[in-house]
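Asker: Let's see this in three dimensions:
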Amino acid sequence: MSRWLCCLLLACANSYAAPAIENASAPQVERNALMAQLQEVRHTVADRTSELLSTAMSFLGVPYRRGGNDADVGFDCSGFVRAAFQQAQGLLLPRRAAEQAAATEIIDKKDLQPGDLVFFNTMRRAFSHVGIYLGEGKFIHAPRAGAQVRVESMHASYWQRRFNGARRVAGLDEPIATAVQLDRQ
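Answerer: The predicted model follows:
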C-alpha cells in the first residue's frame with residue numbers, strides 16, 4: 001500500500017471519529033470511558049477467577065497430607081487453598097484456615113461467587129476447615145487423611161451443619177473497588 005493511501009485512510013478515520021466526540025457531552029464521554037474501564041476490569045477479574053479455579057481443579061486427586069502445601073507430597077485444606085492462590089494469582093495467603101479467615105473479607109453466604117473461600121467447623125472450633133467455592137453450591141477442598149482433593153456439595157447435610165462463613169480474598173476485587181470509586185467522583 002502506498003504511503004499516500006495510508007495517509008488518506010488515516011485522515012478519513014480521524015475525521016469520522018471527531019464528530020462523535022465533539023457531539024458527545026463531557027459527562028457522556030466520561031461515562032463511556034468509565035464503562036469501558038469497568039468492562040476491562042470485569043474481564044480481568046473473570047480471567048483471574050478462571051485461572052484460580054483451573055489451578056484448583058488441576059489438583060483434583062492429590063492426596064491429603066496434614067501440614068502439606070505441595071501437590072507433589074499432598075495438601076491439607078489450608079495448604080491447598082494457599083497453593084492454588086499462590087500459583088494462579090501470586091497471592092500468598094496465611095498458612096492456617098483460621099488465619100485465612102481473619103485475613104479475608106467477610107461476605108454473606110448468598111453473595112458467594114466462584115473463587116471465594118468457604119469455611120467450616122470440622123474440629124469443634126471455628127474456621128478449622130477451608131475450601132474454594134466453585135459455584136452452584138459446590139466447593140473444592142482437601143478433606144481429610146486418607147482422602148484426596150475433591151469437589152463436594154455445600155448442600156450435603158454434613159457441610160450444611162458445619163458451615164462457618166464465607167470470605168473473599170481482597171486481591172481479587174481491588175480493581176472493581178477502584179472503578180467504583182472513580183464512578184462516585
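Asker: Which residue, other than its chain neighbours, is closest to residue 102?
Answerer: In space, and not counting its chain neighbours, residue 102 is closest to residue 94: 7.6 Å by CB to CB, 6 or more residues apart in numbering. Heads up, the C-betas are built off the backbone N, CA and C, glycines and all.
Asker: can you check residue 135 too?
Answerer: Nearest residue to residue 135 in three dimensions, chain neighbours excluded: residue 114, at 4.5 Å (CB to CB, 6+ apart).
Asker: what about the one you found, is that helix, strand or coil?
Answerer: Three-state assignment for residue 114 (DSSP: H, G, I helix; E, B strand; the rest coil): coil.
Asker: neighbours around it, how many?
Answerer: 17 (other CB atoms under 10 Å).
Asker: wait, it sits on residue 138?
Answerer: No. Using CB atoms under 8 Å, residue 114 makes no contact with residue 138, being 9.3 Å away.
Asker: one step back: and the residue nearest to residue 135, what is it in contact with?
Answerer: Residue 114 is in contact with 49, 53, 133-135, counting by CB atoms under 8 Å, 6 or more residues apart in numbering.
Asker: If you rank those residues by neighbours, which is first?
Answerer: In terms of neighbour count, residue 133 stands highest of the contacts of residue 114 at 22 neighbours, by other CB under 10 Å.
Asker: quick one: low-confidence parts of this structure?
Answerer: The model of the chain has pLDDT under 70 over residues 1-24, 33-47, 171-185.
Asker: what's the helix or strand for the residue most central in space within it?
Answerer: The centre of the chain sits closest to residue 49, judged by CA atoms, centre = their mean, with a distance of 3.7 Å. Remark: residue 49 resides in helix 26-58, with elements defined by DSSP states H and E.
Asker: what's the answer for residue 122, then?
Answerer: Here residue 122 is assigned to no helix or strand, by DSSP H and E.
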